[in-house]
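Visitor: okay, structure incoming, though there's no sequence with it:
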């Protein structure tokens, strides 16, 4: 469920980017049209929401890495019984 929400937010970010590009080309610097700034605000909100969702997923353990080349922390050898620290 969390991964689907992340994918939807990424698609929404791309759509907002495309709409911003469209508004940039159509408005051509018209000072009275604020559509480009509004799409930038939407994109910023979506990016903050996406970052928060990823942080939440990592913090709760729902997102993580399962790379075959990363076996996790190395095991430490047990200390010898004859060694004493001074």
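Guide: On my side now, so go ahead. Being a predicted model, the structure only gives us computed values, none of them experimental.
Visitor: and the most centrally placed residue in the chain, helix, strand or coil?
Guide: With distances taken as CA atoms, centre = their mean, the residue of the chain nearest its centroid is residue 51 (4.1 Å). What DSSP: H, G, I helix; E, B strand; the rest coil gives for residue 51 is helix.
Visitor: so who does it touch?
Guide: Under the criterion of CB atoms under 8 Å, 6 or more residues apart in numbering, residue 51 has no contact partners. In this view, the C-beta of every residue, glycine as well, is placed from N, C-alpha and C.
Visitor: what's the neighbour count on residue 39?
Guide: Here the count is done by other CB atoms under 10 Å, and residue 39 has 20 residues near it.
Visitor: just the helices from this structure, written as ranges.
Guide: Secondary structure of the chain (DSSP state H): helices at 2-27, 35-60.
Visitor: quick one, which of these is nearest to residue 78?
Guide: Nearest of the helices of the chain to residue 78, taken as CB to CB: helix 35-60 at 32.0 Å.
Visitor: about what we covered before: just put the helices of the chain in JSON lines and tack on mean pLDDT and distance to residue 78.
Guide: JSON lines is the format used below for these (pLDDT from 0 to 100; distance: least, CB to CB, whole Å):
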{"stretch": "helix 2-27", "mean pLDDT": "93", "distance to residue 78": "39"}
{"stretch": "helix 35-60", "mean pLDDT": "93", "distance to residue 78": "32"}
